[in-house]
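J.: how does the following fold in three dimensions:
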Amino acid sequence: MSPASAAEAGAAVLSVRQLVVGYNDIAVVRGVDVDVPAARLVTVVGPNGSGKSTLLKGILGLARLLGGEVWFEGADVTGVPIQELARRGVGYVPQVDDVFPSLRVFENLEMGGYLLSARGRAERMEEVLEIFPALKRMLRRYVHTLSGGEQKMTAVGRALMLSPRLLILDEPTAGLSELLTRAVLEEQARALADRGTAVLLVEQKASLALELADWAYVIVQGQIVRSAQAEVVRADPDMAEIFLGRRARV
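T.: As a prediction, this is how the structure comes out:
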């Protein structure tokens, strides 16, 4: 990235430039640019198999980068392991395996604060419980006894234990009912952005994601075909065609 480009990207907590991500040297995501400012909910939507989750894995160093750059708070973090990204302030909630079901809720939260001292974990847990007060009554419950929405809240709470400035969510509503889907996206993703956290959301339930997000990227066959305010994308008549697998007009 040139100095001029870096300066332009400075307003964004996360800046992705011309990212190419693939498996076995085969590019799945090709030449993608994404910016996520502070206190904004940015969503990436697109048809099944369009490369949404692969994009996130490339950003997080979980898939092979074949080209491009990832910048976080002005620093080049291209290819940096996810453990180091967590230390720097990036939280991640994967689509699956996002909680420890055999542990209690408070134990899941404690594990999320593994880099903190015992006192620091206790103090941060109180802060997380202020964000999600519903978790207070569940602290002693085993996670496998919780509903899908409660488990997702636990997962997000665990990710918040290290006070991330950026939270990346990979299809957090997968398998949830319509009611729980709205609760997760409104009361967790949207609410966190309103509190000042930059949130990057990949979501298959595009209509609701676009209703709640500030900005949207539409990805089709590994490339961004739309980048605009979420409400503009939601009103675009081409969206129905995109989700039926047809490429939008560029």
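
J.: buried residues, whichever strand or helix holds residue 210. List them.
T.: Per DSSP states H and E, residue 210 falls inside helix 206-212. Of all the residues in helix 206-212, those buried under the rule 16 or more other C-beta atoms under 10 Å are 206, 208-210, 212. Just so you know, the C-beta spots here come from the backbone N, C-alpha and C atoms, and that holds for glycine as well.

J.: out of those residues, the closest to residue 188 would be?
T.: Residue 188 has its nearest neighbour among the buried residues of helix 206-212 in residue 212, at 10.5 Å by C-beta to C-beta.

J.: which pLDDT value belongs to the closest one?
T.: The score at residue 212 is 96. That number is its pLDDT.

J.: the nearest residue to it once chain neighbours are set aside and residue 148: what is the separation?
T.: Closest residue to residue 212 apart from its sequence neighbours, by C-beta to C-beta, 6 or more residues apart in numbering: residue 190 at 4.7 Å. To residue 148, residue 190 is 18 Å away according to C-beta to C-beta, to the nearest Å.

J.: try residue 200
T.: For residue 200, the distance to residue 148 - C-beta to C-beta - is 22 Å.

J.: for these two, indicate the residue with more neighbours.
T.: More crowded of residue 200 and residue 148, by other C-beta atoms under 10 Å: residue 200, with 27 against 15.

J.: and that one, what element?
T.: Counting by DSSP H and E, residue 200 is part of strand 198-202.

J.: off-centre distance for that strand?
T.: 4 Å (C-alpha atoms, centre = their mean, to the nearest Å).

J.: so where is this structure shaky, pLDDT-wise?
T.: Filtered on pLDDT under 70, the chain yields the residue ranges 1-10, 243-250.

J.: hmm, try it at 80
T.: Where the chain drops to pLDDT under 80, the residues are 1-11, 240-250.

J.: can you pull out the helices in it?
T.: 3-8, 52-59, 82-88, 105-112, 118-131, 148-160, 178-184, 191-194, 206-212, 230-234, 238-243 (DSSP state H).

J.: so how far is residue 152 from the residue nearest to residue 129 when sequence neighbours are not counted?
T.: The spatial neighbour of residue 129 that comes closest, neighbours along the chain excluded (C-beta to C-beta, 6+ apart), is residue 136 at 5.2 Å. Note on residue 136: its distance to residue 152, by C-beta to C-beta, is 17 Å.

J.: and the two? Which one has more around it.
T.: Shown here are residue 136 and residue 152; by other C-beta under 10 Å, residue 152 has more neighbours (25 against 12).

J.: separation between the residue lying farthest from the centre of the chain and residue 97?
T.: In the chain, the greatest distance from the average C-alpha position (C-alpha atoms, centre = their mean) is reached by residue 119, at 28.1 Å. Residue 119 is 29 Å from residue 97, where distance means C-beta to C-beta.

J.: ok now stretch 148-158, how far from the chain's centre?
T.: 14 Å.

J.: now stretch 109-124: buried residues?
T.: So stretch 109-124, judged by 16+ other C-beta under 10 Å, has buried residues 109-110, 112-113, 116, 121, 124.

J.: let's have these in TSV, adding distance to residue 14.
T.: TSV is the format used below for those (distance: C-beta to C-beta, whole Å):
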residue	distance to residue 14
109	25
110	27
112	20
113	22
116	23
121	26
124	22
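
J.: nearest to residue 170, of those residues?
T.: Distances from residue 170 to the buried residues of stretch 109-124, taken by C-beta to C-beta, are shortest for residue 112, at 16.5 Å.

J.: and the most centrally placed residue in the chain, what are its bridge partners?
T.: Nearest residue to the geometric centre of the chain (C-alpha atoms, centre = their mean): residue 168, 2.1 Å. Taking DSSP bridges as the rule, residue 168 bridges to residue 92, residue 200.
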